[in-house]
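1. Quick one, structure for this:
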Amino acid sequence: MKKLNLIAIITAAMVLVSSCEDEVRDPIVTLNAAPEILAPTGGSFVLTEETEDDLLTTVEWSDADFGYMAAITYTLELDEAGNDFSEPIALATSQESLAPLYVGEINNLLLSAGYPFAVEGNFEMRVAAAVHKDVDTLFSQPVAMSITPFEKIIIYPKLWVPGDYMDPQWSPGDSPNLYSIKSNNKYEGYIWNPNATANFKFTSAPDWNSTNYGYGSGDEVSGVLSDDSGAGNLYLTSAGYYKMNADLTAMTYSFLKTEWGVIGDATPGEWTTDTNMTYDPATKVWSVTLDLVAGMIKFRANDGWDLNYGSNNANGIADPGGSDISVASAGNYTVVLDLNGPLYRYSITRN
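-> As a prediction, the model looks like this:
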């Protein structure tokens, strides 16, 4: 009996040693220390066109320590304060522990991400340290800062929407555009179709020599895109003014027929009834002339709140779901909504 016990003990010990040897063969990653931003530790930055070629600041941070020698890639991230870095902007990528930031580059990144010009924005900045997709990324503690961009024309990524609804037909260079204002492969814009039906496609250039997008499966209104050269036309079933969206990552598209009006306690219908606007194909804007009182207005589509525009900064930019727009005093006004271009605009002019 004692011999059997001794054999069992020796066998168990051999299994344990073998198991430990197997474990030693696997690399052990110890996350020892995240990077730490050393400079700047905060601050307020007002960007100007006169200094757009200048160095804004150089961000410096301590090295991350993963517990072993590794090639570390650092990404400097910026996001709106309180957003928990859910939609960060990548300011710079480096294998070193510093990154110079230039005024013009930061200004373009902020405007491209949809942040308004001439308005102070509150942001947080952090450093992300990564070595491999299977190893957790290390993040520094965020640093708070405020940045005020300046107005500048940004060249946004865009798609063209040629079709038989145009004159001349199927000419990409003469067609309306959809824009990706966050440069994230998601495009949006409006087109006017004067015909009972319309065939169209999306093109990545103002010609037919680059990537073109038609419907991918099902029928013409399935919502699935294809970049196959033989893909069929997309299709509209009635005349009207359409909001269009295309996602080239998910390869999907959608469109919504819209009619626009103004609503608010400054309007005759107050917050109950829209005052309809009229679209002019020549000027490509919606407008209405009406009597307003002191109060607030907003723009909304199809007499509902699913799609509406206000203005978060009262700067003439129409923001989706934005704040109410103030009318200072009673009078007769012409109100215009311009949904052309990457940024939608409005005006309220007293007659």
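
2. mind listing what's buried in the longest strand along the chain?
-> Assignment by DSSP state E gives strand 121-130 as the longest strand of the chain. Under the neighbour-count criterion of 16 or more other C-beta atoms under 10 Å, strand 121-130 has 123-130 buried. Where you see a C-beta, it was placed from the backbone N, CA and C, and this is true even at glycine.

3. What of stretch 184-203?
-> Neighbour-count burial for stretch 184-203, counted by 16+ other C-beta under 10 Å, picks out 186-193, 198-203.

4. Quick check on E50: phi, psi?
-> The phi and psi values for E50, taken as degrees, to the nearest 10, are phi -70, psi -30.

5. center of the protein, which residue is that?
-> K182 (3.3 Å; C-alpha atoms, centre = their mean).

6. Please enumerate the helices of the chain.
-> 2-25, 103-112 (DSSP state H).

7. quick one: average pLDDT of the longest one?
-> Averaging pLDDT along helix 2-25 yields 46.

8. So what touches stretch 37-55?
-> 56-62, 100-104, 106-107, 120, 125-127, 140-141, 143-150, 152 (C-beta atoms under 8 Å, 6 or more residues apart in numbering).

9. same thing but 7 Å
-> For stretch 37-55, the surrounding residues in contact (C-beta atoms under 7 Å, 6 or more residues apart in numbering) are 56-57, 59-62, 100, 102-104, 106-107, 127, 140, 143-150, 152.

10. what separates it from the chain centre, distance-wise?
-> On the basis of C-alpha atoms, centre = their mean, to the nearest Å, stretch 37-55 sits 23 Å off its chain's mean C-alpha point.

11. got it, and stretch 149-156?
-> 15 Å.

12. before we move on, what about stretch 205-224?
-> How far stretch 205-224 lies from its chain's middle: 22 Å, per C-alpha atoms, centre = their mean.

13. ok, I317 to A198 distance?
-> 29 Å (C-beta to C-beta, to the nearest Å).

14. how is this protein carved up into domains?
-> Split into domains by automatic domain parsing, the chain comes to 37-148, 158-258, 260-350.

15. can the ones you listed go into JSON lines with extra columns for mean pLDDT?
-> What follows is these, written out as JSON lines (pLDDT from 0 to 100):
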{"stretch": "domain 37-148", "mean pLDDT": "93"}
{"stretch": "domain 158-258", "mean pLDDT": "92"}
{"stretch": "domain 260-350", "mean pLDDT": "95"}
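
16. Now do the same contact list for A33.
-> By C-beta under 7 Å, 6+ apart, the contact list for A33 reads 64-65.

17. What residues are bridge-paired with the nearest residue to A90 once chain neighbours are set aside?
-> Distances taken as C-beta to C-beta, 6 or more residues apart in numbering place T75 nearest to A90, at 5.6 Å, with adjacent residues excluded. Beta-bridge partners for T75, by DSSP bridges, are T93, A128.

18. Quick one: neighbours of T75, just the number.
-> For T75, the count of nearby residues is 18 (other C-beta atoms under 10 Å).

19. Could you report the distance from it to N193?
-> For T75, the distance to N193 - C-beta to C-beta - is 43 Å.

20. quick revisit: contacts for the longest strand of the chain, please.
-> 34-35, 37, 61, 64, 72-81, 85, 115, 137-140, 142-147.

21. Tell me which stretches of the stretch 251-351 of the chain form strands.
-> Along the stretch 251-351 of the chain, counting by DSSP state E, counting those that start in this stretch, strands occupy 252-258, 260-263, 275-276, 278-280, 285-292, 295-301, 308-310, 319-320, 325-327, 331-338, 345-350.

22. tell me the most buried of these?
-> strand 260-263 (a mean of 23; mean count of other C-beta atoms under 10 Å).

23. and that strand, what does it pack onto?
-> With contacts defined as 3 or more C-beta pairs under 7 Å, 6 or more residues apart in numbering; DSSP states H and E, strand 260-263 has these neighbours: strand 275-276, strand 295-301.

24. could I get the ones you listed as a markdown table with distance to Y215?
-> Formatted as a markdown table, the helices and strands packed on strand 260-263 follow (distance: least, C-beta to C-beta, whole Å):
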| stretch | distance to Y215 |
| --- | --- |
| strand 275-276 | 33 |
| strand 295-301 | 25 |
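
25. among the ones you listed, which is nearest S323?
-> strand 295-301 (8.6 Å; C-beta to C-beta).
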